[in-house]
Each structure stands twice: as structure tokens, then as C-alpha cells.
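1. Let me see the structure of the following:
(2 chains)
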Amino acid sequence: MKKNILTGILGIVSALVVGLIILFIQGYPAVESYRQLFNYSILSRFSFFSTLAKAAPLILTGLSAAVGFGSNVVNLGQVGQLLIGAMSVTVVGLFINLPAVIMIPILLLTAVISGALYSGLAAYLRVKFNMDEFITTLMLNFVAQYFTLYLITGPLIDKEMNSPMTQQINSSGWLPMLNSLETTIFISIIISLLIYFIWHNTKMGYEWKVMGSNNTFALFGGVKIDKNYVRVMLISGALAGLAGAMLIMGGLQHRFLKGIGANYGWDGVMTAVVANNSIIGTVIYGLFFAVLQTGSMGMELETAVPSEFVLILQAITVLFVVASRKSAYLLLNKMSIILKIRQLRSGGEPEENELDD
Amino acid sequence: MKKYFSLFILTVIFLLLTVSVSAAPMRVAYIINGALGDQSFYDSGQRGIDQIAEEYDVKTTTIECNFDTAKYQQSLQSAVQWNADVIFIISYGFEDLLKQYADMYPDKIFVNIDTVVKNNQNTITSVDFIEEEGAFMAGVTAAIVTNDLTLEGVNKEKIIGSVGGDKDPVIDAFIFGYKQGAEYIDEEIEVKNIYAGTWTDPVKGKQAANQLYSQGADIIFQIASLTGNGVLEAAAENNKYAIGVDSNQNAMEPGHVVTSDLKNVGDAIYGVYQSIVDGSFEKGKVLEYGIKEGGVGLAIDEYTHDILSEDQINMIQRISDLIAKGEIEVERYE
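-> Okay, the predicted model is just below:
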């Protein structure tokens, strides 16, 4: 666990250093650019709040991917599940108007159920016809994209507006603002805690982890693979759907507009991969990527570094963290082997617990 | 003595105040929902910003959202934090945000380009182009081309086409004007339209154009920003004709782009900025730019002369003058 955190931090720091060197070589004021990057993302109240607002859906799609990958379930359908979740919330929010106390839970539930149903479709195909979810979830993304595009350019279009989008959902479904802080982040944190609890403190979570490290071992250990597979898939979809709800219920626009999914789906996958499917790691990296993405524009404004530079920084982070994780693991193994050989040569008996390591 | 001193202080403060009020804006931001490099709409606006930077002692910046919805709010937030005095904005997709930011920061000058956006405090100034007039002229040109059987590649069928980016009120206004222009020349002309569904994919634009050409269209009016570059390419490959949009695109495929329906976003931006500096600017107005104001109109240059005859070009220019004088009234969409 400590090893993981250490390699994670090393990865982030070395990525930032490499980014600094790249900026320097390109002739930008490197240190000043970094200062502005953080100035526009965490160092003032408003910018910090907008970073949190950005992190909220990102953490949820990240958790969706982490829960899936960690249990050996390759759900790559976050994009589609997010869109379906967001669209369901929009439709319910447009046509139902109840007091906020009831309305908000109903909308959140709608997102959870619709996201789960959409990933459930892929789960059904896998369980019934043994179709790889890797393919089906990916394909279902396109279905969701074009289906929602059809809805916002056709039946649900708001003719008053200048580009394809629906009308605003009823204001009782808007998540409240706390002093211009969006409350979506609290929902994300609560959900993260919940997932953390399930993952680490329940039998179900244990079975998922075992499935994640070795499916065959899990099978022989008496884990009901199919049943757990469906469960993981549903939860993964529900989380992505909930991320979609954040986009509609949070923010200032409260409409389903063209391209609303942005890159949250794939960024979520990236977050989970970098975090090695650890729940806490996903939350931390989600925040980190949100900082980068929010600050990028300020950096462009102040020091003319193109905001696309942040994409490079993200890619470097992924490479460094994933690569250093493997090499650090190898290095530690090598060191323990050398130690053991030395002990054997000097005639001493190797200690039992070291052999187990 | 004390009395004089306080009087003196008051005068100084007063002077300082007047100076700071009448001082020209120092920072100008240009926020666009799309991205530069389309050689069309967004680039046209950028020319105005560049001109401001050149001729006035101001800092300018361009924030490109690149159609990424996650960047919309961030772009406004960053511009405000950057202390922009004047914000020119193309706000497709985030009009709601613009309204709220304008209400929050009533001291800043928000100028919305290409559509009309009104906030509660009515501080947003809108620059609205009369697309119908420019498109009318594109329709006139298209009709002349499809009726001129001596032109290489023109078939007997009286079909002209258009490729739009998305179905939205501005694009529909273009198509509305285009049809009127074509019918003004010849009522039998049929106009076929395809919405590409994207502003950034030239490949889709090319597909759409190929489809229209194979349906018998001789000339296609592209109204799709970067997507439209594919339309111009398709015109060259099919040996047919096309009409560019927003910027002068005649030189992009010589011999195939007959003319371009200009939308002089840059000139409008520059004009608005001048009015801010000389003090004649008023917040909350809707400024309309048609043919008469030079906001829209055709780009006729040597590439046009290579394709059309002198008589045809004179005819086009005559009709344009009639619109400017108000003798031909182009019906507005909606």
C-alpha cells in the first residue's frame, strides 16, 4: 500500500519535472507557467471551486472504471453510460416537477438505474451469449452518442437556442450551490466512501478483488463468477450514469447540450489505469487531472503556453506512473533475491518470512 | 489652509477618477466555442482581434473551447480572472453561462458575436449579422452557375446544394436566404441541403458534398466552418463548383470556388472596439450588420473572374447594390 502511494507520488513529481523541462526547451517561462497553472486551479477560491466541480464527474467515471477493471470486468462503456444517465435525468427533469427534497433523489436514482441498465445490456450479452464486454460496451458507446444526438436535434430540441440542446430541467432538480461551491463534489465523495467500504470491508468486495487478480482461482475458491460479474457491471454502469447526472443537475446550464459528455468517460478510464484500480488512488488522481485541466486555460492566458500542453502532461503522468510501478516492483523483487543469495552464501539460513515475500 | 488642502485632494481624486473612467480598455479577450484554423468563421473574427492588438496598446488573448463543453464555463471564468475589460464571445452552446457571467460582472463589456443573447441586466451587446442577405447573394450566384450550360461540368438539371454544420437558427437563416436568392433568378431551381452534424470534420463535409453532386447539384454552398473545407475539396475532385463562407476562400480550390459569402466578423469586432474607445459604445444593444453595413457580402476577385463572365459578375453586383439600397427586400428567417 505504502509502495503504491510512493510510486504514485514519484510518478506525478517526475511527470511535472519532465513537463518543466519540455516547457523550458520550448522557450516558455517554465516556472511561471506552472505557477499560473496552479493559480488558476487551486490558489483562489473560485478557481478551486471550479476544479472541484470538474473533479466530481471525473471521480465517478474513474470509480466506474476502477471497480470494473479491479474485478477483471473490462467495462469501457463509461462514455455511453454517462450519456444515457444524463439523458434520463434530463427527460425526467423536464417532465416531472416535484419539491426539491423528493425531486433530487428521484433524479439521482434515475441516473443510477439507467446507467446500470445500459451496462446491464452488455452484461446480459456476456452471460447469455458469451460476448466480450470489451467489444459490446465500446460499441454501445456509439449507440448512446447517436441516440442522444438524435433526441437533442429532434424531439427534445429547444428551438429558441442557437445550437442543438434541450430545454433546462425544472429548477427543483438543480443541485444547490453552497456559496458558489457546487454540491456535486459532496455526492462524489460520499459515493467514493461507499465504494471504498464495499471494496475493502465486505465479502462481496473481497470476491471482486479475487476475481480481479485471478479469475480461475476465484472460481476454484467458490466465487460465483457470473453473479458477481453482473453485479460489478451494474455498479460500474450506475457510477458512470451518476456522473452524467452531475453534468445536468450541477453546473449552471442544466440542459443536455451537444457534446455534454466531453471527455469525462475516457479520462475516467485513464484515472483508473493510473491509480491501478485503487479507490483512493482514483479519487486523488481524479482531483489531480481536474487541477491540470482547470488550470490549463489560465496558463495559456498568462504565459501563452497552449492549453493542449496539459494533455501532454497527462500522458507523461500515465506513462511515468504505470512504467515506474512495474519497474519499482521489479527492482524491489530483485533486491530481495540478492539479499537472499547473500544470506545463503554466507551460510546462514534464509528467514522464513522473507521467502514468503 | 486646511480647507484648500482638502479641496486640492478632492480635485486630484476627481481627476484620477475621470482619467481612469475614460481610459481605453487594456485587456481584450476573444472567447470562441470552436477552434481557430478553420480558414472561415473563427479566423475571420481573429483578424479583428489582431487588428486591435496592432493598432491599440492593448493585450489581447483568444480562448478556444474547441467544442469541448467542459471548457465553456472555464473559459468565461478564466477571462474574468485574467481581468479582461472587453470580452468578445462566440457563445454557441453556452449562452446560459454568458448571461449569468454578464449579470455577475456588469462592469465588464461583453460583446456576443453572431447571435442575439440578452441577460437580465441587459448589459450584453450583440453583433448580429443578416445572414439572409449574404446567403441571398450566394443563391443568386449559384443560380447563375447552374443555369450556365457553357460552364464546364454543369449539367442540365437545375439543382444547387448546401452543406450546413448543425441544424440551428443561424444555419437555417443561411439556407432560407440562399433559396430566396436562387428563386430570384429562376423559380424552377431546386435546393438540396445536408446537415453534416459537425463543424470540425472535413471528411464528413466531403461525403455530404459528394452525395449532393451525385444527385445532380452543380454548385454547393458550404456553411460549416472547418467541415466545409471538405466541400471545397469535393468540388475540385468532381470538377464542379462551390461557394465558400465567412472568410474569402476563393483561393482554396482555384477554378472551383466561385465566390465566398463573407461574414466580416473581424471588421465588426474592430468596429465595436473603436466605438468603445471613442465613447460612442452603448451596452445592451443589438448591432445589425447586413450588406449595407458591409457586414456580409460576396468576395469577388480574380478567381471569380476566371470562372464567370463579365456580364454575370456585373449582374451579381447590380443585385447586391439593390439590396444595399433596400430595393430588393430579403425576407428574414423566423
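2. what about the strand or helix carrying B:Gly271 and chain A, any contact?
-> Following DSSP states H and E, one finds B:Gly271 within helix B:265-278. No. For helix B:265-278, no contact with chain A is found by CB under 8 Å from any CB of the partner chain; the gap never falls below 15.2 Å. In this view, the C-beta of every residue, glycine as well, is placed from N, C-alpha and C.
3. That helix - contacts with which helices or strands?
-> On a contact count with 3 or more CB pairs under 8 Å, 6 or more residues apart in numbering or on different chains; DSSP states H and E, helix B:265-278 meets helix B:41-55, strand B:86-90, strand B:109-113, strand B:125-129, strand B:286-289.
4. ok, and the closest non-adjacent residue to A:Ser171?
-> In space, and not counting its chain neighbours, A:Ser171 is closest to A:His254: 7.7 Å by CB to CB, 6 or more residues apart in numbering or on different chains.
5. Let me know how buried the one you found is, in neighbour terms.
-> For A:His254, the neighbour count with other CB atoms under 10 Å in any protein chain shown is 22.
6. Can you name the residues of chain B sitting close to chain A?
-> Counting by CB under 8 Å from any CB, chain B comes close to chain A at B:61, B:63-64, B:67-71, B:73-75, B:77-79, B:81-82, B:92-97, B:100, B:115, B:166-170, B:197.
7. Can you name the residue of chain A nearest chain B?
-> Here the residue of chain A nearest chain B is A:Ala262; by CB to the nearest CB that distance is 3.8 Å.
8. Quickly note the distance from that residue to A:Ala86.
-> A:Ala262 sits 11 Å away from A:Ala86, going by CB to CB, to the nearest Å.
9. higher neighbour count, these two?
-> Legend: neighbour count by other CB under 10 Å for A:Ala262 and A:Ala86, higher for A:Ala86 (30 against 21).
10. Helix or strand: which one has that one?
-> For A:Ala86, the element it lies in under DSSP H and E is helix A:78-95.
11. buried set for that helix?
-> The neighbour-count check on helix A:78-95 (16 or more other CB atoms under 10 Å in any protein chain shown) flags A:78-94 as buried.
12. same for that helix, what does it pack against?
-> helix A:45-70, helix A:100-129, helix A:133-153, helix A:225-249, helix A:264-274.
13. does the residue of chain A closest to chain B really touch B:Asp68, like I thought?
-> Yes. A:Ala262 lies in contact with B:Asp68 (CB atoms under 8 Å); the separation is 5.5 Å.
14. quick one, what contacts residue 89?
-> The chain I'm using is chain A. Counting by CB atoms under 8 Å, 6 or more residues apart in numbering or on different chains, A:Val89 touches A:107, A:110-111, A:114, A:169, A:173, A:244-245, A:248-249.
15. sorry, should have said chain B
-> Residues near B:Ile89 by CB under 8 Å, 6+ apart: B:30-32, B:76, B:98, B:110-113.
16. Check A:Ile195 too.
-> Applying CB under 8 Å, 6+ apart, we find A:Ile195 in contact with A:63, A:67, A:235, A:239, A:279.
17. residues in contact with A:Val31?
-> A:Leu20.
18. And the pLDDT for the residue most central in space within chain A?
-> Taking CA atoms, centre = their mean as the criterion, A:Gly62 is the residue nearest the geometric centre of chain A, at 1.4 Å. pLDDT, A:Gly62: 96.
19. need the contact list for the closest residue to it other than its chain neighbours.
-> Leaving aside its chain neighbours, A:Gly62 sits nearest to A:Thr271 (3.6 Å; criterion: CB to CB, 6+ apart). Residues near A:Thr271 by CB under 8 Å, 6+ apart: A:58-59, A:61-62, A:65-66, A:282, A:285-286, A:289.
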